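Asks: take this sequence and fold it.
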Amino acid sequence: ASSTASDKPGFYTLKVRELRHSSVCLVQVAAVAVGPGDGDWSDSAQICTEALAPEVRGQLDIEMSFRQSAKLKWVTPKDISGAPVQAYRVYLGRARDRGRS
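Replies: Predicted coordinates for the structure are as follows:
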């Protein structure tokens, strides 16, 4: 987490990092005193992080290969806990390039 003072007097901002994608969590704030005792906890606020597209796992198969084209086949994600799949990107390179990582 990182914090910065706000331009507005009386406001404080805190950026919480490394949250899990596609998750919901609650956050509360309490003031810590220099002397004895701490402040009461604030009401809770809910953080909902964005979903990510699910990974395509498993083998990519060449179903058919023709003179100037080929037909690809892969298993679509079974557990779509991320964002809905709207399209797929296909990388086409020369065999000596060894693909993308």
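Asks: check contacts around the residue most central in space within the chain.
Replies: For the chain, the residue nearest the mean C-alpha position is H21 (3.8 Å; C-alpha atoms, centre = their mean). Taking C-beta atoms under 8 Å, 6 or more residues apart in numbering as the criterion, H21 is in contact with T49, E50, A51, L52, G82. Every residue, glycine included, has its C-beta placed from N, CA and C.
Asks: and the second one, how many neighbours?
Replies: Around E50 sit 10 other residues, with neighbours defined as other C-beta atoms under 10 Å.
Asks: and it, what are its phi and psi?
Replies: phi -70, psi 150 (degrees, to the nearest 10).
Asks: nearest spatial neighbour of it, skipping sequence neighbours?
Replies: Leaving aside its sequence neighbours, E50 sits nearest to H21 (C-beta to C-beta, 6 or more residues apart in numbering; 6.4 Å).
Asks: again, but for V32
Replies: Nearest to V32 is D38, by C-beta to C-beta, 6+ apart, at 5.3 Å.
Asks: so the one you found makes contact with V29?
Replies: No: using C-beta atoms under 8 Å, D38 makes no contact with V29, being 11.1 Å away.
Asks: enumerate every residue touching the spatially closest residue to Y88 that is not a sequence neighbour.
Replies: Sequence neighbours aside, V56 is the residue nearest to Y88 in space, at 7.2 Å (criterion: C-beta to C-beta, 6+ apart). V56 makes contact with W74, V75, T76, P77, Y88, according to C-beta under 8 Å, 6+ apart.
Asks: the fourth one: how many residues sit nearby?
Replies: Think P77. A count of nearby residues for P77, using other C-beta under 10 Å, gives 15.
Asks: kindly report the same for the second one.
Replies: Here the count is done by other C-beta under 10 Å, and V75 has 11 residues near it.
Asks: output stretch 69-76 as PDB, restricted to C-alpha atoms.
Replies: In PDB, the C-alpha atoms belonging to stretch 69-76 read as follows (Å, rounded to 0.1, in the frame of the first residue of the first chain):
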ATOM      1  CA  SER A  69      -4.400 -22.300 -44.900                       C
ATOM      2  CA  ALA A  70      -4.900 -24.400 -41.700                       C
ATOM      3  CA  LYS A  71      -7.700 -25.100 -39.300                       C
ATOM      4  CA  LEU A  72      -6.800 -24.700 -35.600                       C
ATOM      5  CA  LYS A  73      -8.600 -26.300 -32.700                       C
ATOM      6  CA  TRP A  74      -8.300 -25.600 -28.900                       C
ATOM      7  CA  VAL A  75     -10.300 -26.200 -25.800                       C
ATOM      8  CA  THR A  76     -12.200 -23.100 -24.600                       C
END
